[in-house]
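1. Coordinates for the following, if possible.
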Amino acid sequence: MGSVLRYAATKDASPATVDGFDNFYFVTESPGRPRAQLEKGINPMAKVKTVAGLRRPAVMIRSSPWKAGSEQTPWHDVFDVDNGHVRYFGDHKPETMKPVGGTTGNAALLEAFDSHQAPTPEGRAAAAPLLLFRSVPHNGRDKGQVQFCGAALIERAERVVQWGGATKTTFTNYVFDLAVIDLTEEDDKLSWDWITARRDPGRSDAEILKLAPAAWRGWVKHGHSVLPKVRRRVARSQVVKVRDQRPTAGSSIEADLQAVYQRFDDDKHAFEILAAVVAEKVMRGSGHSYKEGWLTRRSGDGGADFVGRLDLGSGLAGTKLVVLGQAKCIKPDSLVSAEQIARVVARLNRGWIGVYVTTGSYSEPAQLEMVEDQYPVVLINGQDLVRELREIAVQDHGGDLMTCVDALLSSRSPEVLNRRPEEILLA
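-> A predicted model of the protein is given here:
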């Protein structure tokens, strides 16, 4: 994903690199088969005749942003690859005499769209993937380089009225909404062996499917209902899987976490004190100054259990940020949802940050929503909570975790106040 390939006019599959870039024809070579090409915007590979019928190996898509809005290309494709979405316009033009769906490119994409809507896994297994490329400039040269933007399937196809061309008039075209699939399991790479196998008439759809990306296989099995899970989302790289947030079974951290949970299960307000201490330690760990504030009242806290202040810089070169903290002592195998985090987010004003401390873990959808919406919230799960407490215990209490916890509760007793959070900026 994102690699730039040299698309040279010689169309030679050797050498492997040309002008410092991987050679497009070398990378896409299928021995004994015609070479893949990107001469047009929409380039359907020739169908092969199999026992089950005709199969199109793939449709190669090329977008040329530098042509957008010109008489030759009077449209603007949208490539939001990081969020798994591409809006691609078909190849009907003002001067086209054929019906709007009769051009080579539109006809191929409409056919692919039908197969992508197949109601059975068998039908979807035969569907042609769309391979996306985008022309990119290099050293003042617009042509000759293409960037690989992934594999996709068609979610929607609709007719639209556009304006442009030499006659500066309206015309009808198709526009296609494409879902770019996730290639995380393949380290953001696509194996050309999959396409080569699809070009082999002697291989069955079921056999070839084994070579497909995991996300594509998931879509074939379940259909469009799993698109939210198999769509490419760069934000997912920042999401920590639930299993990685939980201690290893039988480990000392698991035992410590269970002990902390049992200690505070019936004393949730005391857990807020502990959460405030850990939040302070995490904030100070980044090298910034942190001022302890107060605990909020037990009822009507509106999504905040404690208040603190993070000081960045000093003097005129400094600023102070309100920190709103939420503490949740829940079973270690429980999950914090997006709705629960949203309660904290709803309380944040401009320039404030949130801290959520729990003995459980954070669901992946909750993390994804937080990353995508750029919520300024620090998440501390149960495993990290225990690790922070363990560091304090080793330093000051001979490694005895529960003695450390009791000492923190007796020495750190923030006031319980009914004050506005922004008042801490005046302290």
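
2. use CA for all of it now, contacts and neighbours both
-> OK.

3. Specify the local secondary structure of L379.
-> strand (DSSP: H, G, I helix; E, B strand; the rest coil).

4. Name the nearest residue to it, ignoring sequence neighbours.
-> Y356 (5.1 Å; CA to CA, 6 or more residues apart in numbering).

5. what about the one you found, which helix or strand?
-> strand 353-358 (DSSP states H and E).

6. Starting from that strand, tell me which strands it pairs with and how they run.
-> strand 319-328 (parallel), strand 377-380 (parallel) (DSSP bridges).

7. among these, which is the most enclosed?
-> Mean neighbours per residue, mean count of other CA atoms under 10 Å, is largest over the strands paired with strand 353-358 for strand 319-328, with a mean of 22.

8. Can you tell me what sits against it?
-> 268, 271-272, 275-276, 279, 303-313, 344, 348, 351-359, 421-422, 424-425 (CA atoms under 8 Å, 6 or more residues apart in numbering).

9. That one - what's its average pLDDT?
-> Across strand 319-328, the average pLDDT comes to 95.

10. can you give me how far the helix or strand just after that strand is from the chain middle?
-> Remark: after strand 319-328, the chain's next helix or strand is strand 335-336, criterion DSSP H and E. The chain centroid and the centroid of strand 335-336 are separated by 20 Å, computed with CA atoms, centre = their mean, to the nearest Å.

11. Give me the residues contacting strand 335-336.
-> G360, S361, Y362, S363, A366.

12. got a list of what the second one touches?
-> Shown here is S361, whose contacts under the criterion CA under 8 Å, 6+ apart are V242, Q245, R246, P332, D333, S334, L335, V336, N381, G382.

13. now the stretch 251-400 of the chain, which segments are flagged as low pLDDT?
-> 298-303 (pLDDT under 70).

14. of the strands paired with strand 353-358, which approaches A212 most closely?
-> Nearest to A212 among the strands paired with strand 353-358 is strand 377-380 (35.5 Å), distances taken as CA to CA.

15. residues near A46, how many?
-> 16 (other CA atoms under 10 Å).

16. separation between the closest residue to W192 other than its chain neighbours and A36?
-> With sequence-adjacent residues excluded and distances taken as CA to CA, 6+ apart, W192 is closest to T28, at 6.4 Å. Counting by CA to CA, to the nearest Å, the gap from T28 to A36 is 6 Å.

17. Just want to know which of those two has more residues nearby.
-> Legend: neighbour count by other CA under 10 Å for T28 and A36, higher for A36 (21 against 17).

18. I'd say that one and V27 touch.
-> No - between A36 and V27 there is no contact under CA atoms under 8 Å: 9.8 Å.

19. now the strands: where do they sit in the stretch 151-300 of the chain?
-> 169-180, 289-295 (DSSP state E, counting those that start in this stretch).

20. If you count neighbours, what's buried in stretch 364-375?
-> Along stretch 364-375, these residues count as buried under the neighbour rule (16 or more other CA atoms under 10 Å): E364, A366, Q367, L368, E369, M370, V371, Y375.

21. Filter those residues down to the ones in helices?
-> E364, A366, Q367, L368, E369, M370, V371 (DSSP state H).

22. need the residues you listed in TSV with distance to E111, can you?
-> Compiled in TSV, these are given as follows (distance: CA to CA, whole Å):
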residue	distance to E111
E364	36
A366	37
Q367	37
L368	34
E369	35
M370	38
V371	37
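
23. List just the nearest of those to T172.
-> Nearest to T172 among these, with distances taken as CA to CA, is E369, at 37.3 Å.

24. In this structure that closest one contacts Q340, no?
-> No - taking contacts as CA under 8 Å, E369 lies outside contact range of Q340: 11.9 Å.

25. what does the domain assignment say about the protein?
-> Using automatic domain parsing, the domain parsing of the chain gives 4-234, 242-426.

26. In the chain, mark out all the helices, start to finish.
-> Listed in chain order (using DSSP H), the helices of the chain are 24-27, 104-116, 121-125, 192-198, 205-209, 214-222, 227-230, 242-245, 252-264, 268-285, 338-347, 364-372, 382-396, 401-411.

27. Export those helices as CSV, with columns for distance to R87.
-> CSV is the format used below for the helices of the chain (distance: least, CA to CA, whole Å):
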stretch, distance to R87
helix 24-27, 24
helix 104-116, 13
helix 121-125, 21
helix 192-198, 23
helix 205-209, 26
helix 214-222, 19
helix 227-230, 16
helix 242-245, 33
helix 252-264, 47
helix 268-285, 42
helix 338-347, 29
helix 364-372, 20
helix 382-396, 41
helix 401-411, 55
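
28. quick one, which of the ones you listed is nearest to I42?
-> helix 104-116 (5.0 Å).

29. ok, the residue nearest to L379 - how many residues close by?
-> Neighbour tally, Y356, other CA under 10 Å: 24.

30. Repeat that for A152.
-> 25.

31. F133 is in contact with that one, correct?
-> No - under the criterion of CA under 8 Å, A152 makes no contact with F133, lying 11.0 Å away.

32. so W163 sits right up against H92, yeah?
-> No - here W163 does not reach H92: they are 11.9 Å apart, not a contact under CA under 8 Å.

33. Show me which of those two is the more surrounded one.
-> H92 (22 against 15).

34. Please list all residues in contact with the more buried one.
-> So H92 contacts V100, G101, T103, N106, T172, N173, Y174 (CA under 8 Å, 6+ apart).

35. Kindly provide the distance from it to R159.
-> For H92 relative to R159 (CA to CA), the value is 11 Å.

36. Overlap of the contact sets of the two?
-> With CA under 8 Å, 6+ apart, H92 and R159 have common neighbours T172, N173, Y174.

37. if I look at A259, how far off is L401?
-> 9 Å.

38. When those two are compared, which one has more neighbours?
-> L401 (20 against 15).

39. isn't the more buried one right next to E391, touching?
-> No - applying CA under 8 Å, one finds L401 not in contact with E391, separated by 9.2 Å.

40. Mind listing residues that contact stretch 221-241?
-> 81-84, 119-121, 124, 179-183, 215-216, 218-219, 363-364, 367-368, 371-372.

41. Any of the residues you listed buried? List them.
-> 81, 83-84, 121, 124, 179-183, 215-216, 218-219, 363-364, 367-368, 371.
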